[in-house]
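K.L.:
Got a sequence here, can you model it:
(one chain, ligands or ions: 1)
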Amino acid sequence: MSDVIELAIELIQPSRRIVALTGAGISTESGIPDFRSPGSVWLQQPPVSYQDFISKPEARQQYWQTRRSLAGQVAGAKPNAAHYALAELERLGILLGIITQNFDGLHQDAGNSPERIVELHGTSREAACTLCGARSSMQQLQQRIDAGEIDPTCSLCGGYMKTATILFGQRVPEIVLTRARAMTDECDLFLVVGSSLQVTPAAALPRLALMKDAPLIIINLQPTPLDDYADVILREKAGVALPPIVAALSQVEYPLQEEGKQ
Ligand code: NAD
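P.N.:
Have a look, this model is predicted:
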């Protein structure tokens, strides 16, 4: 076991209210590419912005084209060792919650309770109208697209439909942000897993934790702007770094386990 993993175990051991912030990096080992790693196709062809989606038919077509290739990867993806390690933290009764930038649903698939997960950027498992907000299953919308619709609109109000995710240029709903901030406020350790910490408002959350003196652990392959403030940095794959830490915690007897589970 590396020294830095031992350091992380030592730091995390007294914690009872861990909050994990996860980004696209936690799901790359499940086969879903992130945007910011070197060589990403997104660096050559940036994702469609919300403003373009609403105002330009060609941007909506590009959106659905990109989604077609990404949807296969997301639909077939299974949780990896890092997702399961976070589910184990919840089972141990020491995870307050997960705030995720991901929309792939893999934390739920790994076994974390939906009520302990804040999906900052929404979910690609549901569809939503950009005008009235009406939701439907993504499966239903996909059937319409597969049947030949190129620019699907809401059957209730005629607004443009898309996945229930946040596009670049779109605001995270205030209610979601409030939950994420409240969770962060309650934590006694903040754990970042697979996030570049370059996307706001997610990037502001570890700063909030630091301001209330919660220790910060960052597991990320690339450097982040908060590395200098972190108590421990693990520059390793999440699926390699996280399981031994959680396995070591599993050996600890937690007297507050039932209480922590709520
Ligand atoms: P990001 O800015 O959080 O960057 C991902 C980070 O993860 C990078 O810094 C990279 O070094 C790191 N990383 C990659 N693989 C890793 C691994 N195995 N272990 C540890 N770290 C690893 O995210 P992004 O890629 O720029 O995406 C921006 C936004 O796009 C996300 O916030 C999300 O909303 C969305 N997105 C979601 C998914 C998903 O749901 N799986 C995938 C791609 C993008």
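
K.L.:
How many residues are close by the closest residue to Phe35 other than its chain neighbours?
P.N.:
With Cβ to Cβ, 6 or more residues apart in numbering as the measure, Trp42 is the residue that lies nearest to Phe35, at 4.3 Å, once sequence neighbours are left out. In short, each C-beta sits where N, CA and C put it, glycine included. By the other Cβ atoms under 10 Å criterion, the neighbourhood of Trp42 contains 14 residues.

K.L.:
Can you classify Trp42 by secondary structure?
P.N.:
Here Trp42 is helix, with the state taken from DSSP: H, G, I helix; E, B strand; the rest coil.

K.L.:
need the contact list for it.
P.N.:
Listed by Cβ atoms under 8 Å, 6 or more residues apart in numbering, the contact set of Trp42 reads Pro33, Phe35, Arg36.

K.L.:
So among those, which ones count as buried?
P.N.:
Burial by neighbour count, 16 or more other Cβ atoms under 10 Å: within the contacts of Trp42 this picks out Phe35.

K.L.:
near the ligand too, which of the contacts of Trp42?
P.N.:
Restricting those to those adjacent to the ligand (criterion: Cβ under 6 Å from any ligand atom) gives Phe35, Arg36.

K.L.:
residue boundaries of the helices in the stretch 1-150 of the chain?
P.N.:
If you assign secondary structure with DSSP state H, counting those that start in this stretch, the helices in the stretch 1-150 of the chain sit at 3-12, 41-44, 50-55, 57-76, 81-91, 106-110, 138-146.

K.L.:
would you turn those helices into a markdown table with distance to Leu177 and mean pLDDT?
P.N.:
Below are the helices of the stretch 1-150 of the chain laid out as a markdown table (distance: least, Cβ to Cβ, whole Å; pLDDT from 0 to 100):
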| stretch | distance to Leu177 | mean pLDDT |
| --- | --- | --- |
| helix 3-12 | 26 | 96 |
| helix 41-44 | 24 | 69 |
| helix 50-55 | 17 | 97 |
| helix 57-76 | 24 | 85 |
| helix 81-91 | 21 | 98 |
| helix 106-110 | 18 | 98 |
| helix 138-146 | 23 | 89 |
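
K.L.:
Deepest-packed of the ones you listed, please.
P.N.:
Highest mean neighbour count among the helices of the stretch 1-150 of the chain (mean count of other Cβ atoms under 10 Å): helix 81-91, with a mean of 23.

K.L.:
Tell me what angle that helix forms with helix 3-12.
P.N.:
For the pair helix 81-91 and helix 3-12, the angle between their directions (axes from the mean of the first three to the mean of the last three Cα atoms, to 10 degrees) equals 20 degrees.
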